[in-house]
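>>> Here is a sequence with its predicted model. Questions after.
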Amino acid sequence: TTPHTQTPQALLQQLYGYDSFRGDQEAVINTLVAGGDALVLMPTGAGKSLCYQLPSILRPGVGIVISPLIALMQDQVNAMRQLGVSAAYLNSTLSIAEQNHVEQQLRDQQLDLLYIAPERLIQERTLQLLSQCQLALFAIDEAHCVSQWGHDFRSDYLSLSLLHDYFPQVPRVALTATADVRTRQEIIHRLSLQQAQQFVGGFDRPNIRYAIAVKSNARKQLLAFLKNRQGEAGIVYCLSRRKVEDTAEWLTKQGYNALPYHAGLPAQLRESHQNRFLREEGVIIVATIAFGMGIDKPDVRFVAHLDLPKSIEAYYQETGRAGRDGGDSEAWMVYGLQDVVRLQQMLAQSEGAEQFKRVERHKLDAMLGLCEVTSCRRKVLLNYFNDEASEHCGNCDNCQIPPETWDASVAAQKVLSAIYRTGQR
Ligand code: ADP
Ligand code: MG
């Protein structure tokens, strides 16, 4: 489509109705509009979408958005259309006729934005089609999916480096909410983004309170946590599918509006539970890590972990789904030795090179470190991402109720980790 002549600022107000940019948004937009590449790291809810939507409209041609979240493409396209932006998506959920229609729109230069699944993009046929179009940019959303270290790894993402070879003149932006320094390097390397300008936003989510306790009776502990949270929407993460189902059933019996979600449930049921969580009030979704990426529900008031995540990145990403509206929210977790042993076993039994497993062990160690720390948890979390932090955030359990060194729970933590460390090495 023809380029808009407005400034990014004017378009922000006119199109979205927002007064001002947040954080690095404007700088990222300027970089892309000028034709440069960018790597954008911003916390969940910070507003990454705007960083590619605006330049797609401002630059001539269509912006291609690569997203692994097929289920959410339609929502995003609908939202864009409501703003009067010409947007479409291409993925396996469309009929042949619908696909043909979108492809025709693309050839006719009628689109500002095209969302596309990675497996679709890398098909020769699609690349051919794109080579005949004027392209505003490529946005690679959820770019951490390129990392083989993470649990969101998608093999199709590895092929995306070909965009650089096929379309060297088209600016590319990779976006993610979670990337420690190692993953950041991996994204740059795998997507050939050596020339990209890096925008590393603050990782702090000040409205999220962090609390971590040693597991004694997890259900009793969860119930105590939920006691004053009747009617609030939240996510309860469990490691196994079985535990997801058991916990959801048990919570329902306790009078909570709880629904299970994991990859083993029929697609229809999964979708219906996700929709109820998004649309109804006060639904608790009990889920494995299969749930959550790209979920844009502003008023999630808590994220509870009944099992230890395998890395700080995973923990940050999962807890980051709370409080996107800026309201007070809580990230609450109980962990135990059995979690650590189980994650160790899963790692030992997994396929993969020794080097890979070594990195994963380090990540698990760092996660355990966050659990065991007796000082400010936010500081540990932010430092892990090389982000600055004050000594005391005042909004985590350790800041609010400083653990005494003789405290029984701390002693338990220490014993626990000693056992774990001996067993491990
Ligand atoms: P992310 O992808 O980083 O998790 P989104 O792009 O989904 O976040 O944006 C989260 C929410 O913040 C959306 O509802 C979006 O409209 C809103 N938002 C983004 N930028 C701004 C801004 N500059 N001012 C106000 N709201 C914004
Ligand atoms: Mg996003």
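On my side now, so go ahead. Computed from a predicted model, the values in this text were never measured in an experiment. Ligands and ions are numbered 1, 2, ... in the order given.

>>> and whichever residue of the stretch 251-400 of the chain sits closest to ligand 1, what does it touch?
Going by Cβ to the nearest ligand atom, ligand 1 is nearest to Asp296 of the stretch 251-400 of the chain, at 4.9 Å. Every residue, glycine included, has its C-beta placed from N, CA and C. Listed by Cβ atoms under 8 Å, 6 or more residues apart in numbering, the contact partners of Asp296 are Gly45, Leu72, Asp75, Arg324.

>>> So the third one versus ligand 1, what's the distance?
As judged by Cβ to the nearest ligand atom, to the nearest Å, Asp75 and ligand 1 stand 10 Å apart.

>>> quick one, what contacts that residue?
Asp296.

>>> What strand or helix carries it?
According to DSSP states H and E, Asp75 maps onto helix 70-82.

>>> in that helix, what counts as buried?
In terms of neighbour count (16 or more other Cβ atoms under 10 Å), helix 70-82 has its buried residues at Ile70, Ala71, Leu72, Met73, Gln76, Val77, Met80.

>>> So for Val411, what pLDDT did the model give?
Actually, residue 411 is Ala. It isn't Val. Per-residue pLDDT puts Ala411 at 63.

>>> Going forward, count from 48.
Will do, 48 is the new start, and the previous item becomes Ala458.

>>> do you know how far Lys404 is from Asn125?
42 Å (Cβ to Cβ, to the nearest Å).

>>> Out of the contacts of Asp343, which one has the weakest pLDDT?
Minimum pLDDT across the contacts of Asp343 falls on Gly92, with 77.

>>> residue contacts, the closest residue to that residue other than its chain neighbours?
Excluding its sequence neighbours, the residue lying closest to Gly92 (Cβ to Cβ, 6 or more residues apart in numbering) is Arg371, at 3.5 Å. Contacts of Arg371 were listed using Cβ under 8 Å, 6+ apart, and they are Thr91, Gly92, Asp343, Lys344, Pro345, Asp346, Val347.

>>> Can you tell me the SS state at Arg371?
What DSSP: H, G, I helix; E, B strand; the rest coil gives for Arg371 is coil.

>>> And it, how far from Tyr284?
Between Arg371 and Tyr284 the computed distance is 17 Å (Cβ to Cβ).

>>> that older thread, check the buried residues of helix 117-129 for the minimum pLDDT and say which it is.
Ala118 (78).

>>> What separation do you get for it and ligand 1?
Distance from Ala118 to ligand 1, by Cβ to the nearest ligand atom: 15 Å.

>>> again with Ala280
For Ala280, the distance to ligand 1 (Cβ to the nearest ligand atom) stands at 16 Å.

>>> So that residue sits against Val330, correct?
Yes - contact status for Ala280 versus Val330: in contact at 5.7 Å, counting by Cβ atoms under 8 Å.

>>> and Gly110, what does it touch?
Applying Cβ under 8 Å, 6+ apart, we find Gly110 in contact with 99-100, 102-104, 159-161, 182-186.

>>> Pick the one among those residues closest to ligand 1.
Gln100 (8.3 Å).

>>> Return the distance of the closest residue to Ser397 other than its chain neighbours relative to Glu398.
Nearest residue to Ser397, sequence neighbours excluded (Cβ to Cβ, 6+ apart): Lys404, at 7.3 Å. The spacing between Lys404 and Glu398, counted by Cβ to Cβ, is 10 Å.

>>> burial of Ala314, as a residue count?
Neighbour count of Ala314, defined by other Cβ atoms under 10 Å: 9.

>>> Could you do Asp444 as well?
17.

>>> Also Gln152?
Counted with other Cβ under 10 Å, Gln152 comes out at 15.

>>> And for Glu279?
18.

>>> can you pull the contacts of it?
Gly329, Arg348, Phe349.

>>> End to end on stretch 272-292, go ahead and measure it.
Start-to-end span of stretch 272-292 (Cα to Cα, to the nearest Å) is 20 Å.

>>> Report the buried residues of it.
Result for stretch 272-292 [16+ other Cβ under 10 Å]: buried residues 272-273, 276, 279-286, 288, 290-292.

>>> Just among the contacts of Glu279, which is most surrounded?
Neighbour-wise, the contacts of Glu279 (other Cβ under 10 Å) top out at Phe349, 25 neighbours.

>>> So that residue lies in a strand, does it not?
Yes - per three-state DSSP, Phe349 lies within a strand segment.

>>> Run through the bridge partners of Ala85.
Val220, Gln244 (DSSP bridges).

>>> same question, Val112
For Val112, the beta-bridge partners under DSSP bridges are Tyr162, Ala186.

>>> Might you enumerate the residues of the protein proximal to ligand 1?
Counting by Cβ under 6 Å from any ligand atom, the residues of the chain close to ligand 1 are 65, 68-69, 72, 89, 91-97, 224, 343.

>>> neighbours around the residue of the stretch 48-197 of the chain found nearest ligand 1, how many?
Nearest residue of the stretch 48-197 of the chain to ligand 1, counting by Cβ to the nearest ligand atom: Gly94, 2.7 Å away. Neighbourhood size, Gly94 [other Cβ under 10 Å]: 17.

>>> Secondary structure element holding the residue nearest to it when sequence neighbours are not counted?
Spatial nearest neighbour of Gly94, excluding adjacent residues (Cβ to Cβ, 6+ apart): Arg69 at 5.3 Å. Under DSSP H and E, no helix or strand contains Arg69.

>>> cool, and Arg389?
Using DSSP H and E, Arg389 maps to helix 384-396.

>>> Please apply the same query to Glu377.
Counting by DSSP H and E, Glu377 is part of strand 376-382.

>>> just the strands in this protein please.
85-88, 109-113, 134-137, 160-163, 182-187, 219-223, 244-247, 255-261, 280-284, 305-308, 331-334, 347-352, 376-382 (DSSP state E).

>>> how about these, which one is nearest Arg408?
Arg408 lies closest to strand 376-382 among those, at 16.6 Å (Cβ to Cβ).

>>> Can you give the strand pairings for that closest one, parallel or anti for each?
strand 255-261 (parallel), strand 347-352 (parallel).

>>> contacting residues around Glu328?
Counted by Cβ under 8 Å, 6+ apart, Glu328 has contacts Gly278, Ala280.

>>> okay, it: pLDDT?
Glu328 carries a pLDDT value of 94.

>>> Kindly report the same for Gln471.
pLDDT, Gln471: 52.

>>> before we move on, what about Glu150?
pLDDT, read off for Glu150, is 95.
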